[in-house]
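[1] build the 3D model from these lines:
(one chain, ligands or ions: 2)
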Amino acid sequence: MSKVASALTIAGTDPSGGAGIQADLKVFQERQVYGMSVITSVVAQNTLGVQDVQHLPIDFIEKQLDAVLSDIPPQAVKTGMIATVEMMELVASKLAKTTIPYVIDPVMIAKSGDSLMDITSRQVIRNTLVPLATVVTPNVPEAESLVGFEIHSNQEAENAAKVIVEELGAKAAVVKGGHLEGEATDVLYDGSSFSYFKADRYETKHTHGTGCTFSAAITAELAKGKSIKEAVTVGKDFITDAIQYPLALGNGYGPTNHWGYRLKGLPQQQEVLK
Ligand SMILES: Nc1ncnc2c1ncn2[C@@H]1O[C@H](COP(=O)(O)OP(=O)(O)OP(=O)(O)O)[C@@H](O)[C@H]1O
Ligand SMILES: Cc1ncc(CO)c(N)n1
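    Ligands and ions are numbered 1, 2, ... in the order given. Prediction:
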């Protein structure tokens, strides 16, 4: 029997269960990794949008981090919603003392269009957290914000991934193509070569938390000791199945289905109790 790995997510909450901490823990469980979580912000949100946000006090976030890191050091860490500069500085100071593989999903704006990171922080994440990252997983608007130029094509996604690695100091970057046209193509640069991860684009409104789900699956695989390329391969298959078997929940951008990969060959729309 192989040994069980642990992974930690440091992120905001989604009480409707499709994104944030809740999505990350579900994905860790599906990937058979022991999941742990440190909450940065409590968010009142659902598939329709963000209604309100409460940031936890910085010393309380620190207590949560110390509680986990001093007792159960994880084999991989992921950050999602880190809304403020002081939160970024705190998390960076803790992670800089470790060599744990670290995935940054640089969450800035929810699918509904609501902001999850303040404007100053969008600039500061570049110098605090990104240099510590094993993999950064920006969507197109997030990558544009990190590199300062627009992305309309896979070639421009390649350029952005290269800047995130060679100029901002991450070990690898995967720029997600969810916001581009055509196939859903994600571009990975690992410091030596580019890899493309392609899937059919599904016509669907079930895209709440796609980024969280993808990066949590990558984190789980890194925790198990997989290479960056292997982890992104699993993450891409996992999110594609999660999008392909949506759950008819919510009145807006519905959640993906975190056990979608188990439903291969079944009818695509899963019935839900209302
Ligand atoms: N309609 C779609 N069909 C297939 N794959 C998709 C679709 N939309 C996104 N993806 C894939 O889902 C993953 C997440 O990408 P996306 O760009 O949606 O992340 P995101 O914007 O950060 O998500 P969120 O902010 O909701 O968490 C990527 O692998 C992307 O290619
Ligand atoms: C807490 C949280 N993190 C990330 C996202 C990404 O969409 C979200 N909606 N909420």
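[2] name the helix or strand for the residue of the stretch 151-274 of the chain found nearest ligand 2, please.
    Residue nearest to ligand 2 within the stretch 151-274 of the chain: residue 212 (5.2 Å; C-beta to the nearest ligand atom). C-betas here are computed from N, CA, C, even on glycine. Assigning secondary structure by DSSP states H and E places residue 212 in helix 210-223.
[3] which elements pack onto the helix or strand following that helix?
    Remark: after helix 210-223, the chain's next helix or strand is helix 228-244, criterion DSSP H and E. In terms of contacts (3 or more C-beta pairs under 8 Å, 6 or more residues apart in numbering; DSSP states H and E), helix 228-244 is packed against strand 135-136, strand 184-189, strand 194-199, helix 210-223.
[4] is ligand 2 within reach of helix 228-244?
    No - judged by C-beta under 6 Å from any ligand atom, helix 228-244 makes no contact with ligand 2; its nearest approach is 12.9 Å.
[5] with just CA atoms, put that helix into PDB.
    Taking Å, rounded to 0.1, in the frame of the first residue of the first chain, the C-alpha atoms of helix 228-244 are listed here in PDB:
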ATOM      1  CA  ILE A 228       4.600  19.100 -12.500                       C
ATOM      2  CA  LYS A 229       3.700  17.800 -16.000                       C
ATOM      3  CA  GLU A 230       2.100  14.700 -14.600                       C
ATOM      4  CA  ALA A 231       0.200  16.700 -12.100                       C
ATOM      5  CA  VAL A 232      -1.200  19.200 -14.700                       C
ATOM      6  CA  THR A 233      -2.100  16.200 -16.900                       C
ATOM      7  CA  VAL A 234      -4.200  14.700 -14.100                       C
ATOM      8  CA  GLY A 235      -5.600  18.200 -13.200                       C
ATOM      9  CA  LYS A 236      -6.800  18.800 -16.800                       C
ATOM     10  CA  ASP A 237      -8.500  15.400 -17.000                       C
ATOM     11  CA  PHE A 238     -10.100  15.900 -13.600                       C
ATOM     12  CA  ILE A 239     -11.500  19.400 -14.500                       C
ATOM     13  CA  THR A 240     -12.700  18.300 -17.900                       C
ATOM     14  CA  ASP A 241     -14.700  15.400 -16.400                       C
ATOM     15  CA  ALA A 242     -16.000  17.700 -13.700                       C
ATOM     16  CA  ILE A 243     -17.300  20.200 -16.400                       C
ATOM     17  CA  GLN A 244     -18.600  17.400 -18.600                       C
END
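[6] and the angle for that helix with strand 184-189?
    Angle between the axes of helix 228-244 and strand 184-189 is 160 degrees (criterion: axes from the mean of the first three to the mean of the last three C-alpha atoms, to 10 degrees).
[7] now find how far off-centre helix 228-244 is within its chain.
    Here helix 228-244 is found 12 Å from its chain centre; the criterion is C-alpha atoms, centre = their mean, to the nearest Å.
[8] report whether that helix contacts ligand 1.
    Yes - Helix 228-244 lies within reach of ligand 1 by C-beta under 6 Å from any ligand atom, at 236, 239, 240, 243.
[9] related to what we said a few turns ago, distance of the residue of the stretch 151-274 of the chain closest to ligand 2 from residue 106?
    Computed as C-beta to C-beta, to the nearest Å, the residue 212 to residue 106 distance reads 12 Å.
[10] of the two, which one has the most company?
    residue 212 (30 against 27; other C-beta atoms under 10 Å).
[11] near ligand 1, which residues of the stretch 151-274 of the chain?
    Neighbours of ligand 1 within the stretch 151-274 of the chain, by C-beta under 6 Å from any ligand atom: 176-179, 184, 186, 199, 201-202, 204, 207-212, 214, 236, 239-240, 243.
[12] ok so, going back, the residue of the stretch 151-274 of the chain closest to ligand 2: what's it in contact with?
    11, 19, 20, 23, 24, 27, 80, 105, 107 (C-beta atoms under 8 Å, 6 or more residues apart in numbering).
[13] noted, bye for now.
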